[in-house]
Structure formats: structure tokens, C-alpha cells
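J.: Mind looking at a prediction? Sequence and model below.
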Amino acid sequence: MVKLRLKRYGRKQQPTYRIIAIDVRCRREGKALKEVGFYDPRKDKTQLDIPTILTFLRNGAQPTDTVSHILQRAGVFEQIRTIS
């Protein structure tokens with residue numbers, strides 16, 4: 001099963017995250033199937049590749065709680081409802 005989750009980058013006390021699609025059995029810093037976004041919690045910036053995210057979600061990928069919240073703020077789930 002594929003999950004959309006955060007992969008941590010950055011220095012100590014200064015985290016930034018990449019939103020990735022990854023197999024459930026892989027560890028957090030494991031090899032990602034595809035990088036689909038970026039999240040900086042300190043500046044509250046997000047950058048998303050929405051068409052790729054929609055493709056993964058339609059094919060059964062499950063977002064983690066945190067990624068789900070980020071996608072909800074970006075309005076990704078409304079786009080799924082309007083297209084379907």
C-alpha cells in the first residue's frame with residue numbers, strides 16, 4: 001500500500017519536510033516513489049504538485065493525518081469531489 005507522508009529535512013531545530021509517496025513498509029527516510037510537495041512549518045509555506053497527488057489518491061494512496069490536514073488546507077479534497 002502507498003502512503004503520502006512527510007520526509008524530514010533540515011538542520012537541528014529547523015525542520016522542513018517533503019511530502020512523498022512511499023510504500024508503507026519503508027522507513028521515513030527510505031526511498032520515495034515520488035516527491036509530490038514541500039512543507040515548511042516555520043514559515044507555514046507549502047508547495048504541492050496537485051495533479052500527481054490527485055492521481056495517487058485516486059489509485060488508493062492513504063495520506064497520514066498531518067499530510068491530510070495540509071491537503072485539506074490546500075483544497076485538494078474539494079478538487080477530488082468536483083472531478084468525480
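T.: Done, it's in.
J.: for stretch 49-57, which positions count as buried?
T.: Buried residues in stretch 49-57, defined by neighbour count with 16 or more other C-beta atoms under 10 Å: 53-54, 56-57. Glycine gets a C-beta too; all of them are placed from N, C-alpha and C.
J.: ok, now stretch 19-34?
T.: In stretch 19-34, counting by 16+ other C-beta under 10 Å, buried: 19-22, 32.
J.: Start from the N-terminal end of the protein and give the strands.
T.: Assigned by DSSP state E, the chain shows strands spanning 2-11, 14-23, 34-40, 45-48, 62-63.
J.: residue at max distance from the center of this structure?
T.: Within the chain, K12 marks the point farthest from the mean C-alpha position, 21.7 Å out by C-alpha atoms, centre = their mean.
J.: angle of the least confident helix or strand in the chain by mean pLDDT against strand 34-40?
T.: Using mean pLDDT, DSSP states H and E, the weakest-scoring helix or strand in the chain turns out to be helix 76-83, at a mean of 78. Angle of helix 76-83 versus strand 34-40, following axes from the mean of the first three to the mean of the last three C-alpha atoms, to 10 degrees, is 130 degrees.
J.: Give me the below-cutoff pLDDT ranges for the chain.
T.: Across the chain, residues meeting the criterion (pLDDT under 70) sit at 83-84.
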